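Peer 1: Here is a sequence together with a model predicted from it:
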Amino acid sequence: MTAARPQVPFFPPDLFAADRGLMLDLLQRIGRAPEQRFVLGEHTRRLEELLRERYGAADVVACGSGTSALTLVLGALGIGAGDEVVVPALGCAPLAACVTGVGAVPVFADVDPHTLTVDPCQVERRITVRTAAVMPAHLFSAMADMPRFVDLARRRGVRLVEDSAVAQGAVLDGRPAGLWGEAGVYSFVQVKSFGMPGEGGAVVTRDADLGRRVRMLRNHGQDGHRRFVHHLVGHNSRFDEIQAAFQCRRLAGLSARLRRRTAIAEHYTEQLAPLAAYGVRTPPPGREGGCPYVYTVLAERRDRLARHLRRHGVDSHVYYPLPLPHQPAFAPYTAPGDRWPHAERAARHMLSLPLYPHLTDGQVNRVVAAVKDFVRH
Ligand SMILES: *Cc1c(COP(=O)(O)O)cnc(C)c1O
């Protein structure tokens, strides 16, 4: 027996260790600067400009969180009371909460059993005369089938909002995640691919007019030229200057971090795909439309696999244990007897493995070995 090795953590305790000095330096510099400008200043403008150029958008608007970005988009599109928005049945609460937040009704559509992203056929089936928008979300490691959603939105005359909160840097058919719909969003909460130590997000759009409305809504309906003139009823979703300066500096390393995430995800898939016959299924392979944010397998005996991994020094996590329409908060928006069989099945079988850029090769191999060891028993 060798000495007990530390667990491979799912949520690493040292996410920003390499940039601690940078953060402390910015805290001092911006904190002591005579202008005492802590939100929506030059650093936020610079971050927006860097992201706008990087993705070829008409506008990028930094705001308080990914959730808030979704709310700002729905508001800027004029979606509200009496409207329905079709959202995935599987995913995180903001997908539905941003819809109820603007006074509209979330309608849940089932997911594809393999990619786990919302199925365009199921979305189309849920469209009614009240449908104002459809909002696919990229989930875990795969982008939703955006070409089909673009076609669907055009044919059915509904708006297309892209929840690309987890997919910053992903590309499908040469088009970046976030730029498929009328607007997309990015989240900068710590675990996301361009995460930071705090809350933040951005709206990304090809429509400059929509960008202008989002800009106003982010700061209580003001236009950025005259204070205390409110054109719209807006929100406080302003962006922090220290975080903006931090993100401007960290942007240079984003591609390398994404490449490392991709390499780890590809290695997992290569090594674990043969386990399908033993009830452990890997996500779809390939880089096209891949967003290596979370690596999720579908395991027949999910809870036993999680316990086995834990005993073998590997932490895992269940995203998400319940489909959204089964959540007490959102059940009131569903009809009795309605079902989402693929989302329900996935919620019972999904297990996410550690995936972050500073995982060492040794840790990656331990994860693989522990999963393989499980199917041998
Ligand atoms: C993280 C996430 C959000 C919300 O972003 P926050 O910054 O946490 O508010 C929205 N949608 C999806 C799919 C997410 O994963």
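Peer 2: Ah, there it is. Numbering: from 1, shown residues only.
Peer 1: got a list of what Asp338 touches?
Peer 2: Counting by Cβ atoms under 8 Å, 6 or more residues apart in numbering, Asp338 touches Phe108, Pro325. The C-beta positions use only the backbone N, C-alpha and C, and glycine is treated the same way.
Peer 1: Val107 versus that one, what's the distance?
Peer 2: Using Cβ to Cβ, to the nearest Å, Asp338 is found at 10 Å from Val107.
Peer 1: Check what pLDDT the closest residue to the ligand within the stretch 51-200 of the chain gets.
Peer 2: The stretch 51-200 of the chain approaches the ligand most closely through Gly66 (2.4 Å), counting by Cβ to the nearest ligand atom. Per-residue confidence (pLDDT) for Gly66: 98.
Peer 1: okay, now it: neighbour count?
Peer 2: Using other Cβ atoms under 10 Å, Gly66 has 26 neighbouring residues.
Peer 1: and if you look at Leu298?
Peer 2: When neighbours are counted by other Cβ under 10 Å, Leu298 comes out with 20.
Peer 1: That one and His349 touch, don't they?
Peer 2: Yes: with contact defined as Cβ atoms under 8 Å, Leu298 counts as touching His349 (4.4 Å).
Peer 1: between the two, what contacts are shared?
Peer 2: By Cβ under 8 Å, 6+ apart, no residue touches both Leu298 and His349.
Peer 1: Just the element for the most centrally placed residue in the chain, please.
Peer 2: Nearest to the mean C-alpha position of the chain, counting by Cα atoms, centre = their mean, stands Val166 at 2.4 Å. Following DSSP states H and E, there is no helix or strand that holds Val166.
Peer 1: Now do the strands in the stretch 51-200 of the chain.
Peer 2: For the stretch 51-200 of the chain, the strands defined by DSSP state E, counting those that start in this stretch occupy 59-63, 84-88, 105-109, 131-134, 159-162, 171-172, 175-176, 183-187.
Peer 1: out of these, which comes closest to Pro285?
Peer 2: strand 171-172 (14.9 Å; Cβ to Cβ).
Peer 1: How far does the closest one sit from its chain's centre?
Peer 2: 15 Å (Cα atoms, centre = their mean, to the nearest Å).
Peer 1: Can you tell me what sits against the helix or strand hosting Ala306?
Peer 2: For Ala306, the host element (DSSP H and E) is helix 302-311. Helix 302-311 is contacted by residues 7, 280, 299, 315-316, 318, 348-351, 353, 367, 370-371, 373-374, 377 when judged by Cβ under 8 Å, 6+ apart.
Peer 1: After that helix, which helix or strand is next?
Peer 2: On the C-terminal side of helix 302-311, the closest following helix or strand by DSSP H and E is helix 341-349.
Peer 1: Residues of the stretch 1-150 of the chain that sit close to the ligand?
Peer 2: Selection of the stretch 1-150 of the chain residues close to the ligand by Cβ under 6 Å from any ligand atom yields Ser65, Gly66, Thr67, Gly91, Cys92, Pro94, Leu95, Ala137.
Peer 1: rerun that using 5 Å as the cut-off
Peer 2: Residues of the stretch 1-150 of the chain found near the ligand (Cβ under 5 Å from any ligand atom) are Ser65, Gly66, Thr67, Cys92, Pro94, Ala137.
Peer 1: so the first one touches Val185, yeah?
Peer 2: In this case it means Ser65. No: under the criterion of Cβ under 8 Å, Ser65 makes no contact with Val185, lying 9.3 Å away.
Peer 1: Give me the common contacts of these two.
Peer 2: Gly201.
Peer 1: Pick out whichever of those two has more residues nearby.
Peer 2: Val185 (33 against 21).
Peer 1: If that one is in a bridge, with which residues?
Peer 2: Applying DSSP bridges to Val185 yields these beta-bridge partners: Val203.
Peer 1: quick one: it and Asp163, what's the gap?
Peer 2: Val185 is 6 Å from Asp163, by Cβ to Cβ.
Peer 1: so what sits against both of the two?
Peer 2: Leu70.
Peer 1: SS state for Leu351?
Peer 2: strand (DSSP: H, G, I helix; E, B strand; the rest coil).
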